[in-house]
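Q: predicted model, plus sequence, below.
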Amino acid sequence: MDLKGTVALVTGGNGGLGQRICHALAREGADVAVMSTRSRDQAEGVAGELASRYQVNARAFGCGLGLKR
């Protein structure tokens, strides 16, 4: 499946299943917004890995009231 030119928002993208989903989408060429309610730092790590490994645009976004920096 070719997802080039698409953007995926993955909620919980820094968790175990969320990370696997992010990687699967990036592997197919999608740009990925890694959404996290708990740890923006972890989400930034996932986004950095996606950008480096798959040469896609990947960014981390914190959302929710329980967000810790």
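A: That came through, no problem. From a predicted model like this one, the values you see are computed outputs, not experimental measurements. Residues are numbered from 1 along each chain as shown.
Q: what sits closest to residue 44 if chain neighbours are left out?
A: Leaving aside its sequence neighbours, residue 44 sits nearest to residue 60 (Cβ to Cβ, 6 or more residues apart in numbering; 4.1 Å). Where you see a C-beta, it was placed from the backbone N, CA and C, and this is true even at glycine.
Q: host element of that neighbour?
A: Assigned by DSSP states H and E, residue 60 falls within strand 58-62.
Q: thinking again about what came up before, OK, contacts around the residue nearest to residue 44?
A: Contacts here follow Cβ atoms under 8 Å, 6 or more residues apart in numbering; on that basis residue 60 touches 13, 14, 33, 34, 36, 40, 43, 44, 46, 47.
Q: tell me the centre residue of this protein?
A: residue 34 (2.8 Å; Cα atoms, centre = their mean).
Q: what's around the residue nearest to it when sequence neighbours are not counted, how many residues?
A: Take residue 34 and drop its neighbours on the chain: the residue closest to it by Cβ to Cβ, 6+ apart is residue 13, 3.6 Å away. Per other Cβ atoms under 10 Å, the neighbour tally for residue 13 reads 28.
Q: to which secondary structure element type does residue 13 belong?
A: coil (DSSP: H, G, I helix; E, B strand; the rest coil).
Q: contacting residues for it?
A: By Cβ under 8 Å, 6+ apart, the neighbours of residue 13 are 19, 21, 22, 32, 33, 34, 35, 36, 43, 46, 60.
Q: thinking again about what came up before, so what pairs up with the residue nearest to residue 44 in the strands?
A: residue 34 (DSSP bridges).
Q: quick check: it vs residue 2, distance?
A: According to Cβ to Cβ, to the nearest Å, residue 60 and residue 2 sit 25 Å apart.
Q: got any ranges where the protein has weak pLDDT?
A: Residue ranges of the chain with pLDDT under 70: 65-69.
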